[in-house]
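A.B. asks: please find the sequence and the predicted model below.
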Amino acid sequence: IKWHFRSIDAENDDILRAKLTELLGKSEAKRIARSQRPGIQALSDLTRIVRRSRTIEGSIRTRFEMHMDEITKSFITCEGLKKVPVPLAYSTLTSRFLALWIFLLPLALVRELHGSLVMIPVAILVAIFFFGIEELGVQIEEPFSILPLENYVD
């Protein structure tokens, strides 16, 4: 599931296939890899296996199914977030506007600070603050690339 939300290149795809084969066996790994929605397929298979198990008692099975339903709902929600892209023009426009605003800021500060040299550190401090917020916004646009998913799913 964690690989579903990361950008997968050829090397990571091979690692994923090897890990799936190790955990599930060759035929199950192939079936999940060929699925149009591998994450949902894996969650569905896991739920089906627990439902068919005769060694898990009823109350534990019921709680497990409740948790699997919640995981599946969360997965579908995250999948929806991943599929809604932030337009590149939006990111570019906000970056350019911010750069222009920061560039023109000293001109506005000259009058307010009466030409004092305090204007330079104030402008630098404001620039660092706003560029930090802008970088945070860029990261929020693609949260799955920065979240420590390994801590939650391994």
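C.D. replies: Perfect, I can see it now. This structure is a prediction, so every number in the text was calculated from the model and none was measured. Residues are numbered from 1 along each chain as shown.

A.B. asks: kindly list the main-chain dihedrals of the most far-flung residue of the chain relative to its centre?
C.D. replies: In the chain, the residue that sits farthest from the middle, by CA atoms, centre = their mean, is H114; the gap is 46.5 Å. For H114, the backbone dihedrals are phi 60, psi 40 (criterion: degrees, to the nearest 10).

A.B. asks: how far away is it from I128?
C.D. replies: 24 Å (CB to CB, to the nearest Å). C-beta here means a position set from N, CA and C on the backbone, and glycine is covered the same way.

A.B. asks: for the helix or strand in which K82 is found, packing partners?
C.D. replies: Here K82 sits within helix 58-83, counting by DSSP states H and E. Packed against helix 58-83, as judged by 3 or more CB pairs under 8 Å, 6 or more residues apart in numbering; DSSP states H and E, are the following elements: helix 38-52.

A.B. asks: hey, C-alpha coordinates of the helix it packs on in CSV?
C.D. replies: Extracted as CSV, the C-alpha positions of helix 38-52 are listed here (Å, rounded to 0.1, in the frame of the first residue of the first chain):
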residue,chain,number,x,y,z
PRO,A,38,-3.4,-3.3,-6.3
GLY,A,39,-3.9,-1.7,-2.8
ILE,A,40,-7.6,-2.4,-2.8
GLN,A,41,-7.0,-5.9,-4.1
ALA,A,42,-4.5,-6.6,-1.3
LEU,A,43,-6.9,-5.3,1.4
SER,A,44,-9.7,-7.3,-0.1
ASP,A,45,-7.6,-10.5,-0.2
LEU,A,46,-6.6,-10.0,3.4
THR,A,47,-10.2,-9.5,4.5
ARG,A,48,-11.3,-12.6,2.5
ILE,A,49,-8.5,-14.8,4.1
VAL,A,50,-9.5,-13.8,7.6
ARG,A,51,-13.2,-14.4,6.9
ARG,A,52,-12.5,-17.9,5.7
